[in-house]
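A.B. asks: just a sequence and a predicted model for now, questions to come.
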Amino acid sequence: MTEKLFIHKTPNAKKLISYGFSKNDDGYIYSCHILNDQMVLYVTVLKNGDVKTKLIDVLSNEEYILHLVKNAVGSFIGEVRSEYDRVLADISNNCFDNEIFKFDQSKRVISYFEAKYGNRLEHLWEDAIDNAIVRRSDTNKWYAALLTVSKRKLGLHSDERVEIIDLHASPADIPSLVDNFLIFPGFHMNKKHWITVILDGRMPDERLFELIDQSYILGKK
């Protein structure tokens, strides 16, 4: 449950402090009593953004872990889980910012969509939140898709997951554009009309923005 609450999110230091977290050598730490003061929940947000928790039984002063055991049942365990999840969900909502796409170039591309065309990402698939599309406001047609895939899906010999962008391109230009180094055949798209670029910064932004502009124009048809 903890992992799901904080996936695609990044901690906001100002929000953490405002919420009641204290800064220490590991990151930020917060504690609160739950279940009528029967338990103390410690939440640590590490410097790398990971979230760690520890639940202490006040009476025994020992760590309580049954709420983390999937097969453990019982009314008290259920109450502990409910309170534990409630606190973490509140911290996730109030102290973390959404950050689905993490690559620096991905962020610059998203800003470019908004600044030049007034378009924002649309997440169409609930089970694939790290996939999104961008469409023209006038024709409602897609002109870009941002996806997170394994490099192997692009024909490379690596399972590393990367952020990519799919863009429209003229069928006449695609053979000369695709080099399988910077530009690949359109992933999960009609390869006669789409190309793919890995957003790892190897392609200069200026060149990438030119390809986005061309894709936007083609999206009018």
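C.D. replies: Received it, and whenever you're ready, just let me know what you need. Residues are numbered from 1 along each chain as shown.

A.B. asks: moving C-terminal of the lowest-mean-pLDDT helix or strand in the chain, what's the next helix or strand?
C.D. replies: When each helix and strand of the chain is scored by mean pLDDT, DSSP states H and E, helix 2-6 comes last, with a mean of 76. The first helix or strand that comes after helix 2-6 along the chain, using DSSP states H and E, is strand 9-11.

A.B. asks: so where do the strands sit in the protein?
C.D. replies: For the chain, applying DSSP state E gives strands covering 9-11, 22-23, 27-34, 39-46, 51-57, 62-63, 96-98, 132-135, 142-150, 161-168, 183-185, 194-198.

A.B. asks: give the buried residues for the first one.
C.D. replies: Neighbour counts using 16 or more other C-beta atoms under 10 Å place K9, P11 of strand 9-11 among the buried residues. From N, CA and C alone the C-beta is placed, and that goes for glycine too.

A.B. asks: which one of the strands of the chain lies closest to S106?
C.D. replies: Closest approach to S106 among these is made by strand 161-168 (4.7 Å; C-beta to C-beta).

A.B. asks: now the strands of the chain in JSON lines, with mean pLDDT?
C.D. replies: Shown next, in JSON lines, are the strands of the chain (pLDDT from 0 to 100):
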{"stretch": "strand 9-11", "mean pLDDT": "88"}
{"stretch": "strand 22-23", "mean pLDDT": "96"}
{"stretch": "strand 27-34", "mean pLDDT": "96"}
{"stretch": "strand 39-46", "mean pLDDT": "96"}
{"stretch": "strand 51-57", "mean pLDDT": "95"}
{"stretch": "strand 62-63", "mean pLDDT": "96"}
{"stretch": "strand 96-98", "mean pLDDT": "85"}
{"stretch": "strand 132-135", "mean pLDDT": "93"}
{"stretch": "strand 142-150", "mean pLDDT": "94"}
{"stretch": "strand 161-168", "mean pLDDT": "95"}
{"stretch": "strand 183-185", "mean pLDDT": "95"}
{"stretch": "strand 194-198", "mean pLDDT": "96"}
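
A.B. asks: closest to F113 out of those?
C.D. replies: Closest to F113 of those, according to C-beta to C-beta: strand 132-135, at 5.3 Å.

A.B. asks: quick one: distance of that closest one to the chain centre.
C.D. replies: 15 Å (C-alpha atoms, centre = their mean, to the nearest Å).

A.B. asks: and if you look at stretch 196-208?
C.D. replies: Here stretch 196-208 is found 19 Å from its chain centre; the criterion is C-alpha atoms, centre = their mean.

A.B. asks: now do it: everything it contacts.
C.D. replies: 101, 103-106, 108-109, 146, 151, 154, 162-167, 182-187, 189, 211 (C-beta atoms under 8 Å, 6 or more residues apart in numbering).

A.B. asks: in stretch 56-63, what counts as buried?
C.D. replies: Those would be I56, for stretch 56-63 by 16+ other C-beta under 10 Å.

A.B. asks: around I129, how many other residues sit close by?
C.D. replies: For I129, the neighbour count with other C-beta atoms under 10 Å is 13.

A.B. asks: and it, its phi and psi?
C.D. replies: When read as degrees, to the nearest 10, the backbone of I129 gives phi -60, psi -20.

A.B. asks: quick one: contacts for it?
C.D. replies: The contact partners of I129, taken as C-beta under 8 Å, 6+ apart, are H8, I100, H123.
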